[in-house]
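[1] Provided below are the primary sequence and the corresponding predicted coordinates.
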Amino acid sequence: MARVKSIQDNDYIISVNNTRHLLDLGFKHDETEEKYVYYFPALRHEKITVLHGRIIAYIDTNKIQIDVIDNNATPYAPFYNIECGNYDTIMNKINKAILNEFRKLKIVKGKDRTNENQHKEVN
């Protein structure tokens with residue numbers, strides 16, 4: 001089985017990125033910054049959510065940020081350091097949950113960072 005790739009290696013965008021649309025999708029406005037936050041269960045164990053996904057959408061750009069946190073609001077380390085340890089089974093489940101939410105929210109993959117960087121080097 002191939003190593004799991006991090007979803008964070010890609011840029012994702014939300015096509016309709018205005019206040020009304022984000023609120024209709026279930027995002028909550030974060031008044032401390034100009035952003036909208038959406039929480040969803042990323043991993044369950046025996047019907048209890050043990051890891052939460054957090055999608056942050058910024059109004060000034062179409063880009064989104066994805067985080068995975070535990071019940072103490074602590075970032076889930078294997079999501080950010082995917083090369084450390086053997087978490088492939090769990091990471092596959094988390095990535096599947098994230099991609100399912102992306103489909104529901106109409107979040108799509110943006111430009112590939114590696115192609116973008118290669119293009120810059122040529123010019």
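    Everything's here; your move. Numbering: from 1, shown residues only.

[2] so after the longest helix along the chain, what's the next helix or strand?
    In the chain, taking DSSP state H as the definition, the longest helix is helix 88-105. For helix 88-105, the following helix or strand on the C-terminal side (DSSP states H and E) is strand 107-109.

[3] wait, Ile82 touches Ile94, no?
    No: look at Ile82 against Ile94 with CB atoms under 8 Å: they stay out of range, at 10.2 Å. Yep, even glycine has a C-beta here, placed from its N, CA and C like the rest.

[4] what about the residue sitting nearest the centre point of the chain, which SS state?
    The chain has Ile66 as the residue nearest its centroid, 2.5 Å off, counting by CA atoms, centre = their mean. Classification of Ile66 using DSSP: H, G, I helix; E, B strand; the rest coil returns strand.

[5] hey, what's the nearest residue to it once chain neighbours are set aside bridged with?
    For Ile66, ignoring the flanking residues on the chain, the nearest one in space by CB to CB, 6 or more residues apart in numbering is Ile55 at 5.7 Å. Note on Ile55: beta-bridge partners Tyr38, Ile66, judged by DSSP bridges.

[6] point out where the chain drops to low pLDDT.
    Scanning the chain with the threshold set as pLDDT under 70 gives 1-4, 111-123.

[7] ranges for the strands of the chain?
    Ranges of strands in the chain, per DSSP state E, are 12-14, 28-30, 35-45, 48-58, 64-70, 107-109.

[8] show me what the fifth one is packed up against.
    Helices and strands touching strand 64-70, by 3 or more CB pairs under 8 Å, 6 or more residues apart in numbering; DSSP states H and E, are strand 12-14, strand 48-58, helix 88-105.

[9] nearest residue to Tyr80 other than its sequence neighbours?
    Gln8 (7.2 Å).

[10] what sits against the one you found?
    Gln8 makes contact with Ile66, Phe79, Tyr80, according to CB atoms under 8 Å, 6 or more residues apart in numbering.

[11] repeat for Ile64
    Taking CB under 8 Å, 6+ apart, we find Ile64 in contact with Tyr12, Ile13, Ile14, Ile55, Ile56, Ala57, Tyr58, Ile107.
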